[in-house]
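Q: next comes the sequence, and after it the predicted model I'd like to discuss.
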Amino acid sequence: MCTGTLIAPNLVLTAAHCVYDARTGQRINPRGIRFEAGLDGRKVKAARSIAKAVVHPSYQFRAGGDAQLGSDIAVLRLSQPINRSDIRPFAMSARADRGANVDVLSYSYTNATRANREQNCQVLSRRTRTLVMSCRVDFGASGAPVLEIIPGQPPKIVSVISSKAAMGQRRVSIGTTLDRTLRAMMQNAI
């Protein structure tokens, strides 16, 4: 189970490791993946199967959790677009600097039917392709959007959750940043 986010009526952004079988290391047939938009309890606003999955060209799945955090991103093309006024794709931004306020909107194994919004997190560190954040996430949050919060503006996706970790005694999350490669992946998915 992973979290994904609608970024266009027919495209979903998630983590690359979400399209691999953790036991075998093999790519999952995208048609076996289902995207549920607006899942709240037992109600789903829209559900679609996946027609195509495009992973970051530098990503290679490694068993045992040895993730490639800077390239752990995938774009999924839906079998049919979601065109509903109550479901809108998120905009994206390539920038979230150290100290930026971010939220994470995710599902988890412990709460698989209701989204959890971890609010008022901070970007603790920014590397070329990763963010380390104070957000606390759990298994199932992989692929969740990291939303930059700027007062007076709609939230924008700046990263995708790749992993949870610890810095000493502090629980943190690690996200893959969005870069120019994402645009090419989106074109390839279409």
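A: Received the coordinates, thanks.
Q: around D86, how many other residues sit close by?
A: D86: 8 surrounding residues under other Cβ atoms under 10 Å. C-beta coordinates here come from the backbone N, C-alpha and C atoms, glycine included.
Q: which residues touch it?
A: For D86, the contact set (Cβ atoms under 8 Å, 6 or more residues apart in numbering) comprises 38, 45.
Q: ok, which stretches of the protein are strands?
A: 5-8, 11-14, 34-37, 46-55, 74-78, 91-92, 101-108, 111-126, 130-133, 145-148, 156-167, 170-177 (DSSP state E).
Q: so which of those strands comes closest to Y20?
A: strand 46-55 (8.6 Å; Cβ to Cβ).
Q: show me what counts as buried in the closest one.
A: 46, 48, 50, 53-55 (16 or more other Cβ atoms under 10 Å).
Q: so which one among those has the lowest pLDDT?
A: Within the buried residues of strand 46-55, pLDDT reaches its minimum at A46, with 91.
Q: who's in contact with it?
A: Counting by Cβ under 8 Å, 6+ apart, A46 makes contact with 36-38, 82, 84, 87.
Q: and it, bridged to which residues?
A: In this entry, A46 is beta-bridged to A37, by DSSP bridges.
Q: want to throw the strands of the chain into TSV with distance to I190?
A: TSV is the format used below for the strands of the chain (distance: least, Cβ to Cβ, whole Å):
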stretch	distance to I190
strand 5-8	9
strand 11-14	8
strand 34-37	16
strand 46-55	9
strand 74-78	7
strand 91-92	16
strand 101-108	25
strand 111-126	27
strand 130-133	27
strand 145-148	20
strand 156-167	19
strand 170-177	21
